[in-house]
Structures are given as C-alpha cells and as structure tokens.
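Enquirer: structure, please.
(one chain, ligands or ions: 2)
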Amino acid sequence: MPRGPGDDRAPGRGGGDGLVSEGSCGADARRDRPRSPGAAALMLLLPATMFHLLLVARSGPARLLGPPPYLPGPEALWSPQMLLLWFTWLGLQAALYLLPARKVAEGQELKDKSRLRYPINGNPIYDFFLGRELNPRIWSFDFKYFCELRPGLIGWVLINLALLMQEAELRGSPSLAMWLVNGFQLLYVGDALWHEEAVLTTMDITHDGFGFMLAFGDLAWVPFTYSLQAQFLLHHPQPLGLPMASVICLINAVGYYIFRGANSQKNTFRKNPSDPRVAGLETIPTATGRQLLVSGWWGVVRHPNYLGDLIMALAWSLPCGVSHLLPYFYLLYFTSLLVHREARDEQQCLRKYGLAWHEYCRRVPYRILPYVY
Ligand SMILES: NC(=O)C1=CN([C@@H]2O[C@H](COP(=O)(O)OP(=O)(O)OC[C@H]3O[C@@H](n4cnc5c(N)ncnc54)[C@H](OP(=O)(O)O)[C@@H]3O)[C@@H](O)[C@H]2O)C=CC1
Ligand SMILES: CC(C)CCC[C@@H](C)[C@H]1CC=C2C3=C(CC[C@@]21C)[C@@]1(C)CC[C@H](O)C(C)(C)[C@@H]1CC3
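Expert: Ligands and ions are numbered 1, 2, ... in the order given. Next up is the predicted model:
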C-alpha cells in the first residue's frame, strides 16, 4: 500500500499509511495467541472487583474477603459532572500528547521490517479482551501508547494526592503512612514518564493488542485500584513510627534499584549492545542475530525487573499495617499478573530464540525469585 500523508513509519518494506489498516501498521496481535476461556469472566469480574475494593476500603471493617458493606444507589454511581470531568481529563491528556514532541523514537521492528514512530514528551470475546490491533493509530495518535502512560498513571498519583489532601482536612495533617505511599508511587510514575521511551520495548507495545484488558487496565484499573493503599489509609489511619518507616523506605529503595537497574540494562543493551555500560556483559548469541544477556541483572534471574517491582509493591503495602488484607490486594494481584506475564514472555522467547533460550534457561534457572521461582 502506497505511503500516504501522515505516514508515521520509518522507511522499510511494506505499505500502510499510518492509519489503522490490515497492513503493517494494522499488524494483527492474534497471530500466535493461545485461547483462554477466562476472558468473558474477567470482563465481568474485574470491574466488580474494583468496585468491591473501593467500597471495602471506605468501610469500617474493611474486610477484603467479606461481602461489600453496602451497595451505593444509582445516584452515587452516575454523575454527568464526573463523566464530563473524566472526558475533560482524557481530552487534556490527548492534547498534551499531541504537542510537538521533543524527540521522536522508533518502535520495535514490525513484521514488514518497518518501524512505527512515537512522540516521546494500549475469537471474538478473547480477542476483544486481549485486543486485535497491535498498533491502533489514527494518523500519529497511537491509542495504546497514549493510554499506557498518561491518563491512568498520572491520574493515579492525582487521586493519591487528593486523598492525602483529604486526610489533611480530616485530621489536620497527612499521616506518615500516607506520605510514604504517595511518595513511593509518585517515584514509580515519575520514573515511568522519565523513561517514557522504555515503554516501547515492553510486551504491551511490542506484542499485546489493544483490547479491553489494556484499555480497562490503563484507564480504570491503574488509577482506581493502584491507589487502594491511599484509599485505605484515608478511612483507616495507621500509626507508623520512624524506625519502621525507615525500614520500609529501605525496602522500596532496594526494589527500585533492582527494577530500574534491570530495565535500564536491558533497554540499553537492546538499543546499542556496544554501549560501554553493557558492552562487557556476557551474552548468548541467537539465530535471529539478537543476543541474550546472561550476566549482570539478567544473569541473576530471567526477570529481575519483575523482582524489583514486586519488592516495591510490598513496600507500598507495609505502611498500611498488617491488620487488614485489603492493602495487600495489589501485591497479590501483581504477583499473579507478573507470574502469568512471565509465562507468556517465556513462550514468546522460546519461539523467538529456540535453543538459545534453552541455553539461557539452563544458565539462569530461576524466573523471578532466586532459588525459589
Ligand atoms: N505496575 C504494573 O502494573 C506492571 C509493571 N510491569 C513492569 O514493566 C516492566 C517491563 O515488563 P514487560 O513489559 O513484561 O517485559 P520486559 O521488560 O521484562 O521485557 C521482556 C523482553 O525482554 C527481552 N529479554 C528477556 N530476557 C532477556 C535477556 N536475557 N537479554 C536481553 N533481552 C532479554 C525479550 O524481548 P526481546 O529479546 O525481543 O527484546 C523479552 O520478551 C517490568 O519492570 C515490569 O515489572 C509490567 C506489567 C505490569
Ligand atoms: C486489568 C487486568 C487484570 C490487568 C491489566 C494490566 C495493566 C494494568 C498493566 C499491564 C502492563 C502494564 C504496565 C504498566 C502499568 C500497568 C499495565 C498497563 C507500566 C506502564 C507501569 C510503569 C512501569 O514503569 C512500566 C514499565 C512503564 C509499565 C509497563 C507495563
């Protein structure tokens, strides 16, 4: 297909005009996707879970495993003003996304050897859940890339801030636990935005379609479920002494050090294997010409970045004390998400690298937690 106006792909074989199409830009993410019957259930269960968590967080007993303390009336669930506010927020983020980009980065190589450009300043039910379009775009607006980092993540820390300010109004000043949760999660979101380009090498951008999971995940699950600890603390203040707060800060620092170190090492290596920061690392050659790191962070376990992320998830829950299970929901959900994600990535890498991946698994036998898993 001839390259039309607004084509956002770097030169390469294949057609496509930057619009969503069946061509290279409309790459179909379903190619090698195993079927799973759970998608329909998840599309009902996930919104219900999110509402249950938010209702329980506001209730006195805060019993995660019990029935919701009350069911709000329609007037509490529907507000034209809130809908307008949400679309205004989305519109603002979309407008900021469309501002002239300081830099334009190229994405991962597509099947037709072309690469999409991203400004740097997302069976019928199952496909709907996991998405069909790998790169849903209208001209240069990439819906998956836009949703991945901006409205949900920035919305998450804004909700946290609103809860911190509400606690200040309620109790005179925010609690130390609320400050910690706000600070840790602001660091996490700020890091994601600072390393915006790194999202181009994540599975969501390179492999997953933009369907219900990523749309709901980015726009609802992240802002309203990831702010659960702050929600809980507003309604269930927790005493936290400086010694314990210091230990929790250390745990978060260790997690962030591993998370950032591992992600930056792999992303630097993928962008330029000769970069002095990674050139000395031991690698395994593969038939694709790409190499696999087998020393450094990626020689400890096969997903060191997941380990760092999980350690931070623990640090986000600890300020909420141990009297309730609710604040640990994120850690439980996130562990299952990353275990499932690691298994999906494992299958993709086995297809990509064959014997080289077997050799990597032999040399680095643990997936996420050394000597455990
Ligand atoms: N907070 C949240 O809700 C979530 C956070 N995350 C975080 O997102 C980050 C990215 O995770 P994710 O997108 O799953 O994927 P990863 O960043 O872990 O990337 C996986 C890819 O990295 C490459 N790779 C794997 N092993 C090696 C190696 N030894 N040497 C070189 N390249 C290797 C492979 O791709 P290739 O070889 O093709 O380059 C593989 O497919 C993680 O830190 C994770 O914790 C993820 C999901 C949810
Ligand atoms: C609702 C479902 C059960 C689960 C939906 C999962 C999504 C919420 C996550 C899938 C991958 C994500 C990533 C991040 C946020 C959560 C989602 C969208 C991420 C942007 C968080 C910040 C990190 O620094 C990152 C590495 C950029 C993450 C990329 C993956």
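Enquirer: which non-adjacent residue is nearest residue 70?
Expert: With sequence-adjacent residues excluded and distances taken as Cβ to Cβ, 6 or more residues apart in numbering, residue 70 is closest to residue 55, at 6.9 Å. Glycine gets a C-beta too; all of them are placed from N, C-alpha and C.
Enquirer: check which helix or strand the one you found maps to.
Expert: helix 38-58 (DSSP states H and E).
Enquirer: so what does that helix touch, helix or strand wise?
Expert: helix 125-130, helix 212-216, helix 222-225, helix 228-235 (3 or more Cβ pairs under 8 Å, 6 or more residues apart in numbering; DSSP states H and E).
Enquirer: now, of these, which is deepest in the fold?
Expert: helix 228-235 (a mean of 25; mean count of other Cβ atoms under 10 Å).
Enquirer: that older thread, averaged pLDDT, the helix holding residue 55. What do you get?
Expert: For helix 38-58, the mean per-residue pLDDT is 90.
Enquirer: residue contacts, the residue in the stretch 101-250 of the chain positioned nearest to ligand 1?
Expert: Residue nearest to ligand 1 within the stretch 101-250 of the chain (Cβ to the nearest ligand atom): residue 202, separated by 3.2 Å. Going by Cβ atoms under 8 Å, 6 or more residues apart in numbering, residue 202 touches residue 148.
Enquirer: okay, it and residue 281: tell me how far apart.
Expert: For residue 202, the distance to residue 281 equals 21 Å [Cβ to Cβ, to the nearest Å].
Enquirer: residue 67 is in contact with the residue nearest to residue 70, correct?
Expert: No. At 9.7 Å, residue 55 does not count as touching residue 67 under the criterion of Cβ atoms under 8 Å.
Enquirer: more neighbours, those two?
Expert: residue 55 (15 against 10; other Cβ atoms under 10 Å).
Enquirer: ok, now which ones touch that one?
Expert: Residue 55 is in contact with 68-72, counting by Cβ under 8 Å, 6+ apart.
Enquirer: can you do 7 Å?
Expert: Residues in contact with residue 55 (Cβ atoms under 7 Å, 6 or more residues apart in numbering) are 68-70.
Enquirer: among those, name the ones in helices.
Expert: Among the contacts of residue 55, DSSP state H puts none in helices.
Enquirer: among those, who's most crowded?
Expert: residue 68 (16 neighbours).
Enquirer: distance of that residue relative to residue 51?
Expert: According to Cβ to Cβ, residue 68 and residue 51 sit 8 Å apart.
Enquirer: what does residue 248 give?
Expert: 29 Å.
Enquirer: surely residue 210 is within a helix?
Expert: No. Residue 210: not assigned to a helix; according to DSSP: H, G, I helix; E, B strand; the rest coil it is coil.
Enquirer: I'd guessed it sits against residue 132; true?
Expert: No. Contact criterion Cβ atoms under 7 Å: residue 210 and residue 132 do not qualify, at 8.3 Å.
Enquirer: ok, those two, which is more surrounded?
Expert: residue 210 (26 against 17).
Enquirer: which ones are touching the more buried one?
Expert: 122, 131, 133, 136, 143-144.
Enquirer: so residue 198 is in contact with residue 262, correct?
Expert: No. In this structure, residue 198 is not within contact of residue 262 by Cβ under 7 Å, at 11.2 Å.
Enquirer: the more surrounded of those two?
Expert: Neighbours per residue (other Cβ under 10 Å) separate residue 198 from residue 262, with residue 262 holding more: 23 against 20.
Enquirer: distance check, the more buried one against residue 255.
Expert: 11 Å.
Enquirer: can you list residues touching both of those two?
Expert: residue 308.
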